[in-house]
Structures are given as structure tokens and as C-alpha cells.
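>>> Return atomic coordinates for the entry below.
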Amino acid sequence: MATILAFAGSNSSKSINYELVKHTVSLIDGNEIQLLNMVNFPFPMFSEDLERENGYSNSLVELKNDMVKADGIIVSVNEHNSGPSAYFKNLTDWLSRVERKFLDGKPVLLMSTSGGQRGGMTALETTEKVLPRFGAQVVATFSLPSFQENFKKGEGVTNTELAKVHRAAVDQFLSKL
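Down below sits the predicted model:
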């Protein structure tokens with residue numbers, strides 16, 4: 001049995017990326033899932049001054065330790081102004097200061113969604129290029145366009161073709177654990 005850590009790169013209480021992550025982990029049987037709601041992880045904006053004066057918060061160190069212990073990571077990144085959110089960038093900044101390779105060797109299923117037709121693709125593509133710098137092995141990606149039309153709470157991905165692509169990405173990720 002593998003341990004999977006799953007979260008969205010958003011700290012919004014109404015995150016559609018978190019909804020996608022919750023649905024994704026509901027499709028996985030026979031593994032231990034640790035689903036994190038990042039609303040519960042408020043981190044100050046990274047600053048070398050803050051780091052020097054205060055060090056690292058317990059919640060940051062615990063999050064990094066959970067990532068290190070996990071056999072795989074599922075993350076869905078949200079997009080703000082054609083890039084990953086400031087929250088997600090800030091999170092990776094802090095984590096990389098605690099341990100540069102905080103995702104060392106971890107298989108990652110990287111996803112994104114948005115209300116638009118591109119489904120957060122720019123944030124996904126940017127993040128796919130950045131995560132290997134922290135040791136991640138991005139083994140599968142999935143983008144869900146037009147969230148409100150293609151996803152229903154309690155049902156998941158409602159577009160049949162997109163649901164197949166999503167399931168294939170999940171299965172590819174699971175095969176790497």
C-alpha cells in the first residue's frame with residue numbers, strides 16, 4: 001500500500017482545483033491518502049528577512065516531512081494571470097528553503113482546472129517545468145477545461161472523453177508508485 005499526499009495549489013475556500021483533487025483521490029483504492037486543504041496552511045510571503053528572524057513554522061516543516069514520507073504526490077495548480085498562483089509559488093519558495101529537494105524522487109500527478117477553455121494550462125505547463133528542480137518526477141498531467149461545464153460535485157468529471165483522459169492520468173500515476 002502506497003501513501004499519497006494530495007492537495008491543490010490554492011488557499012481559496014472555494015477552490016475548484018481542490019474539488020478536482022478530492023474527486024481524483026476518490027477514484028483511488030488500496031492506498032493511504034492524505035488529503036490536505038491548503039486553507040489550513042497560511043504562510044507569510046517568503047522573505048529572507050522573515051526566514052532569518054523566525055526560521056520555519058512547525059506547519060511548514062510538518063508539510064515538508066509529509067511530502068518526504070509520501071510515495072507519491074497529487075497536486076492541482078490554479079492559474080492567476082497566466083501563471084501559478086502567488087500562494088503556490090510562495091509555498092514552493094518556503095518548502096525549497098527547508099529542503100531544496102523536498103520532492104526528491106517523488107512521482108507526481110500534476111493537474112489544473114479553471115473556468116476557462118484552457119483549463120489552467122499555462123500554470124500547469126509552468127509548474128511541470130519547475131517541480132523537477134525540487135526533485136519531482138512529473139509522471140502524468142491532466143487539465144480540465146471549463147470546470148463549471150465539465151465537473152459536477154458528487155459526480156466528478158462529467159464529459160466522457162475528459163473523464164477517460166483523467167482516469168488514464170490517474171492510472172499512469174498509480175503505476176509509478
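>>> Is the residue positioned nearest the centre of the chain bridged to anything, and to what?
Closest residue to the average C-alpha location of the chain: Val75 at 1.6 Å, with C-alpha atoms, centre = their mean. Beta-bridge pairing for Val75 (DSSP bridges): Phe7, Leu110.
>>> Help me confirm that it comes into contact with Leu110.
Yes: contact between Val75 and Leu110 holds when scored by C-beta atoms under 8 Å: they sit 6.0 Å apart. Yep, even glycine has a C-beta here, placed from its N, CA and C like the rest.
>>> the strands in the protein, which residues?
Along the chain, the segments classed as strands by DSSP state E run 3-8, 32-36, 72-77, 79-80, 83-84, 107-113, 137-144, 151-152, 156-157.
>>> Which neighbouring elements make contact with the first one?
So that's strand 3-8. Strand 3-8 is packed against helix 16-26, strand 32-36, helix 58-69, strand 72-77, with contacts defined by 3 or more C-beta pairs under 8 Å, 6 or more residues apart in numbering; DSSP states H and E.
>>> Output those as JSON lines; include the columns mean pLDDT and distance to Arg118.
Converted to JSON lines, the helices and strands packed on strand 3-8 look like this (pLDDT from 0 to 100; distance: least, C-beta to C-beta, whole Å):
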{"stretch": "helix 16-26", "mean pLDDT": "98", "distance to Arg118": "14"}
{"stretch": "strand 32-36", "mean pLDDT": "98", "distance to Arg118": "26"}
{"stretch": "helix 58-69", "mean pLDDT": "97", "distance to Arg118": "28"}
{"stretch": "strand 72-77", "mean pLDDT": "98", "distance to Arg118": "13"}
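>>> Appreciated, that's everything.
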